[in-house]
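Enquirer: Below are the sequence and a predicted model for it; my questions follow.
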Amino acid sequence: MPEESIIQLINQWAPILIFHPDEGSQCCYPSNAEIAYDKIIHNNFSKDKSPTTLNQTAPCYYNCVSYKINNIDIIRIKYWFWYNYNDFPSGPDPYGSHEGDWESVEVILFSKRLFAVLYSNHETYLTTWRNEFRMENKRLMVYVGNGSHANYPLLQTPLFHYDFWNMEFYDQIADSNDRWDTRNNLRDINTTKFRYFVGYWGNHIIHALSYEGRPPLSPMVRENEYNIPFYRIVTYTGDVDDATSDANVFINLINNNTKNSVGPFELDNYENNFQRAHVDVFASTDYPRSQIPFFPFIPTLQTGNIFPIWNNKYIDNITQIRLWHDNSGRYPGWFVDKIEIYDMVKRQRCGFNCHKWLAEDEGGIDFTFNRSGGYSRF
């Protein structure tokens, strides 16, 4: 069990979830994962869109780790929410529909002060710092997507959407009085009966074999999907013909004075990135789409750490960046105008004027750029 001071922080930062008023008719509210687990291991779990009313005593599971990086005391508290089903509004089956749904909100504290919040949002995480989330009476408020249960920090946060046969389907969030205070029933996930389970939370083989419709993996193999969001990375694609790239782009951050570096980070925020004259924003937590594994349906236990453990290394005084892509896609060549790096620990910003093609027929796809000028505060 965590020490008493950690328990106080776990209670302090337990979020309040705000549900869309149509959640009960669209899908379902949080429920007890141990009940679902008993059904799953006995191959008795099936489509279950219950409960249709909010139960304030539904368990909220949590996991907490603490350690030091560069003499910074770091505490990471991850709150897990279990739903029996996921049903994206208006989406064609199986897109956005699958048995079982694990969602989470992670609070990251530096020296017991809030540094960042990460919100599970479909196949990635939304990252916010400091004043970029809603607080109400000193409580963290989270908006929940109708049926999809994706988490959002603010009503004005851009909504996840996907295209299907020239139709667009969007997440739906709304302010309402349909609110769940997760503090009511907090449970340490390491004390549950499913703490060692690393399989899929769902037994529907048709959905399990489709990318969109497979059931979620257990939280116990998803604790290290990403690193701490020490940096915000902004790319500027140039306004020239054929500047757009389809390739997977990567970056290393380098302090040439100390010969230290962090990365590589794959620059992928699940938007259509690197379009001509477009600005893209990434957090250093963004889960790389090209490394999302596909797993066949396995109703029994899986062993091993399935997801990569990301490097939580932090460096300051970034003097260089290494920028490259994998030359994939139909149009891999990319004309990058400039890159901005935001150090979220020291609240400092620096820039790199690139103005260069990353293309095989233009001199190469892998370059190192020096910082342009010094740092500025933000």
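Expert: Yes, it's here.
Enquirer: Flag the shaky bits of the stretch 1-150 of the chain, pLDDT-wise.
Expert: Along the stretch 1-150 of the chain, segments meeting pLDDT under 70 span 1-2, 91-95.
Enquirer: what about the helices in the stretch 151-300 of the chain?
Expert: Remark: helices assigned in the stretch 151-300 of the chain by DSSP state H, counting those that start in this stretch are 205-208.
Enquirer: Can you get me a residue count around the residue nearest to Thr157 when sequence neighbours are not counted?
Expert: Once flanking residues are discounted, Thr157 sits nearest to Leu126: 6.9 Å by CB to CB, 6 or more residues apart in numbering. C-betas here are computed from N, CA, C, even on glycine. Residues contacting Leu126 under the criterion other CB atoms under 10 Å number 25.
Enquirer: domain ranges for the chain?
Expert: Each domain of the chain is listed here as a residue range: 4-221, 231-377, per automatic domain parsing.
Enquirer: which one of the ones you listed is the most hemmed in?
Expert: Mean neighbour count (mean count of other CB atoms under 10 Å) peaks for domain 4-221 among the domains of the chain, with a mean of 18.
Enquirer: Distance check, the nearest residue to Asp73 once chain neighbours are set aside against Tyr67.
Expert: Among residues not flanking Asp73 along the chain, Ser111 sits closest, at 5.1 Å (CB to CB, 6+ apart). To Tyr67, Ser111 is 13 Å away according to CB to CB, to the nearest Å.
Enquirer: swap in Ser261?
Expert: Ser261 is 21 Å from Tyr67, by CB to CB.
Enquirer: same thing with Trp201?
Expert: 28 Å.
Enquirer: if we can go back for a sec, please look at the residue nearest to Asp73 and Asn71 and confirm they touch.
Expert: No: contact criterion CB atoms under 8 Å: Ser111 and Asn71 do not qualify, at 9.9 Å.
Enquirer: The stretch 201-350 of the chain: strands as residue ranges?
Expert: 231-237, 249-255, 260-266, 279-283, 320-325, 334-343, 348-358 (DSSP state E, counting those that start in this stretch).
Enquirer: relative to strand 334-343, how tilted is the shortest one?
Expert: Strand 279-283 and strand 334-343 meet at an angle of 40 degrees, taking axes from the mean of the first three to the mean of the last three CA atoms, to 10 degrees as the criterion.
Enquirer: Strand 279-283 pairs with which strands, and in what direction?
Expert: Applying DSSP bridges, strand 279-283 is found paired with strand 231-237 (antiparallel).
Enquirer: now the strand it pairs with against strand 249-255, angle please.
Expert: Between the axes of strand 231-237 and strand 249-255, defined by the same axes, to 10 degrees, the angle is 130 degrees.
Enquirer: and the angle from strand 231-237 to strand 260-266?
Expert: 60 degrees.
Enquirer: How far does strand 231-237 sit from its chain's centre?
Expert: Computed by CA atoms, centre = their mean, to the nearest Å, the chain-centroid distance of strand 231-237 equals 17 Å.
Enquirer: now stretch 134-150
Expert: Chain-centre distance of stretch 134-150: 15 Å, with CA atoms, centre = their mean.
Enquirer: C-alpha coordinates for that stretch, PDB please?
Expert: The C-alpha trace of stretch 134-150 is given here as PDB (Å, rounded to 0.1, in the frame of the first residue of the first chain):
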ATOM      1  CA  ARG A 134     -11.000  22.500 -15.800                       C
ATOM      2  CA  MET A 135     -10.900  22.700 -12.000                       C
ATOM      3  CA  GLU A 136     -14.000  23.200  -9.900                       C
ATOM      4  CA  ASN A 137     -13.800  23.600  -6.100                       C
ATOM      5  CA  LYS A 138     -10.200  22.300  -6.400                       C
ATOM      6  CA  ARG A 139     -11.400  19.100  -8.100                       C
ATOM      7  CA  LEU A 140     -10.200  17.900 -11.600                       C
ATOM      8  CA  MET A 141     -13.200  17.800 -14.000                       C
ATOM      9  CA  VAL A 142     -13.200  15.400 -17.000                       C
ATOM     10  CA  TYR A 143     -15.700  15.300 -19.900                       C
ATOM     11  CA  VAL A 144     -16.500  11.800 -21.200                       C
ATOM     12  CA  GLY A 145     -17.400  11.100 -24.800                       C
ATOM     13  CA  ASN A 146     -20.900   9.800 -25.300                       C
ATOM     14  CA  GLY A 147     -20.700   6.000 -25.800                       C
ATOM     15  CA  SER A 148     -17.000   6.100 -26.700                       C
ATOM     16  CA  HIS A 149     -15.900   7.100 -23.100                       C
ATOM     17  CA  ALA A 150     -12.900   9.000 -24.500                       C
END
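Enquirer: So Ser50 belongs to a strand, correct?
Expert: No: counting by DSSP: H, G, I helix; E, B strand; the rest coil, Ser50 falls outside a strand, being coil.
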